[in-house]
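S.K.: Sequence and predicted structure, then a few things I'm wondering about:
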Amino acid sequence: MIDHLMTAIKSNSRSLVERLMNKKVSILIILGLIAHLSYAQKGIELGGWLGTGHYFGDLHTSFSFDEPRPAGGLIFRYNFDERISLKSSVNYTRIHGDDARSDNSYEFNRQLSFYSDIFDWTNQLEFNFFPYFHGSEEENWTPYLYVGFSALSYNPKRNLEDGSSATLRLFGTEGQPLGEEYGRFTMASAFGMGIKWDINYDWSINAEIGMRVARSDYLDDVSGVYPDFDELRRVRGESAVRLSDPSTTATAFRQRGNNKNNDSYVLFGFSILRYFGRLPCPKISQSR
């Protein structure tokens with residue numbers, strides 16, 4: 001009886017010690033993380049950027065940057081430490097495409113065109129290649145990579161001969177049934193790279209290029225095949241037929257676009273940001 005009791009006590013004691021050791025290790029890990037974050041250069045940055053936007057899709061199939069459009073936005077960045085940052089930005093650009101500018105004979109004869117105002121909200125996680133400290137005389141610049149996602153709005157239109165414009169999604173140009181037109185909002189994958197460098201402790205300049213790959217192929221209103229023109233005319237009128245096929249030579253169900261690749265656009269620009277933060281315990285060897 002006593003032997004069984006002693007065995008149980010020893011077993012429970014070992015279990016208790018193991019639990020205490022596990023807790024001790026966990027506490028040490030947590031304290032280590034807190035210490036790292038306490039000595040890291042945390043803080044926020046606020047600013048804006050200006051640059052250009054470049055569209056790639058069914059109405060601009062060559063990977064060239066020959067038709068830039070103005071772009072810009074507002075930036076919020078939180079620095080977790082000298083390596084990792086989280087940036088949120090609200091951005092605008094106008095994308096456009098015109099078959100009349102294409103060197104491809106099929107695209108040129110198709111005669112489609114569009115423009116669309118793009119507003120996106122992007123959240124991205126950034127990784128600095130080098131340690132980056134605001135105000136440092138040595139570690140005051142770094143290239144970085146980022147990955148994230150965007151929520152964006154779009155609404156492709158076409159300029160008409162009388163100077164007005166037509167909202168293409170409302171005409172069901174690829175035979176979408178009434179009430180089943182593609183939406184005006186979609187998500188996109190965001191990724192890119194840039195360079196950060198300080199002007200002084202408070203201000204920095206960034207140069208960044210990034211791509212947004214949309215989950216929609218209708219940023220330009222072109223994706224699949226031409227519709228049944230007689231049905232389109234009956235449901236939406238002659239204007240819809242002309243917007244679907246400005247060339248007036250296409251046949252129903254012939255290929256109109258490439259639905260295997262979704263539309264995308266690239267943003268390139270320079271930003272200026274104001275830093276709000278202080279390093280609690282700076283290294284003596286570094287000037288702040």
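M.R.: On my side now, so go ahead.
S.K.: Which segments of the protein make up each domain?
M.R.: Here the domain assignment for the chain is 1-39, 41-276, based on automatic domain parsing.
S.K.: looking at these, which is buried most?
M.R.: domain 41-276 (a mean of 17; mean count of other Cβ atoms under 10 Å). Every residue, glycine included, has its C-beta placed from N, CA and C.
S.K.: What is the end-to-end distance of stretch 171-186?
M.R.: With Cα to Cα, to the nearest Å as the measure, stretch 171-186 spans 20 Å from end to end.
S.K.: and it, how far out from the chain's middle?
M.R.: With Cα atoms, centre = their mean, to the nearest Å as the basis, stretch 171-186 stands 24 Å off its chain's centre.
S.K.: what does stretch 129-145 give?
M.R.: Using Cα atoms, centre = their mean, the offset of stretch 129-145 from its chain centre is 24 Å.
S.K.: Please export the C-alpha coordinates of that stretch as CSV.
M.R.: Extracted C-alpha coordinates of stretch 129-145, given in CSV (Å, rounded to 0.1, in the frame of the first residue of the first chain):
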residue,chain,number,x,y,z
PHE,A,129,16.7,43.1,-46.8
PHE,A,130,18.9,45.2,-44.4
PRO,A,131,18.2,46.4,-40.9
TYR,A,132,16.5,49.8,-41.2
PHE,A,133,16.6,52.4,-38.5
HIS,A,134,15.2,55.9,-38.9
GLY,A,135,17.9,58.5,-38.3
SER,A,136,20.8,56.0,-38.4
GLU,A,137,23.9,57.2,-40.2
GLU,A,138,24.6,53.8,-41.6
GLU,A,139,21.4,51.7,-41.5
ASN,A,140,19.3,54.3,-43.1
TRP,A,141,18.2,52.6,-46.4
THR,A,142,17.2,49.2,-47.6
PRO,A,143,15.5,47.4,-50.5
TYR,A,144,12.4,45.4,-49.6
LEU,A,145,9.9,42.9,-50.9
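S.K.: Pull the residues that contact the helix or strand containing residue 78.
M.R.: Assigned by DSSP states H and E, residue 78 belongs to strand 69-79. Contact with strand 69-79 is made by 41-55, 85-96, 126, 267-269, 271, 273, 277, as judged by Cβ atoms under 8 Å, 6 or more residues apart in numbering.
S.K.: Now, those residues that are in strands?
M.R.: 43-55, 85-96, 126, 267-269, 271, 273 (DSSP state E).
S.K.: who's in contact with the nearest residue to residue 217 once chain neighbours are set aside?
M.R.: The shortest distance from residue 217 to any non-neighbouring residue, by Cβ to Cβ, 6 or more residues apart in numbering, is to residue 223 (4.1 Å). Residue 223 is in contact with 58, 174, 217, 256-259, counting by Cβ under 8 Å, 6+ apart.
S.K.: May I see the residues you listed arranged in JSON lines, with secondary structure as well?
M.R.: Below are the contacts of residue 223 laid out as JSON lines (DSSP: H, G, I helix; E, B strand; the rest coil):
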{"residue": "58", "secondary structure": "coil"}
{"residue": "174", "secondary structure": "coil"}
{"residue": "217", "secondary structure": "coil"}
{"residue": "256", "secondary structure": "coil"}
{"residue": "257", "secondary structure": "coil"}
{"residue": "258", "secondary structure": "coil"}
{"residue": "259", "secondary structure": "coil"}
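S.K.: Can you redo those residues as JSON lines, where the extra columns are distance to residue 110?
M.R.: Putting the contacts of residue 223 into JSON lines (distance: Cβ to Cβ, whole Å) gives the following:
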{"residue": "58", "distance to residue 110": "9"}
{"residue": "174", "distance to residue 110": "13"}
{"residue": "217", "distance to residue 110": "16"}
{"residue": "256", "distance to residue 110": "8"}
{"residue": "257", "distance to residue 110": "9"}
{"residue": "258", "distance to residue 110": "12"}
{"residue": "259", "distance to residue 110": "15"}
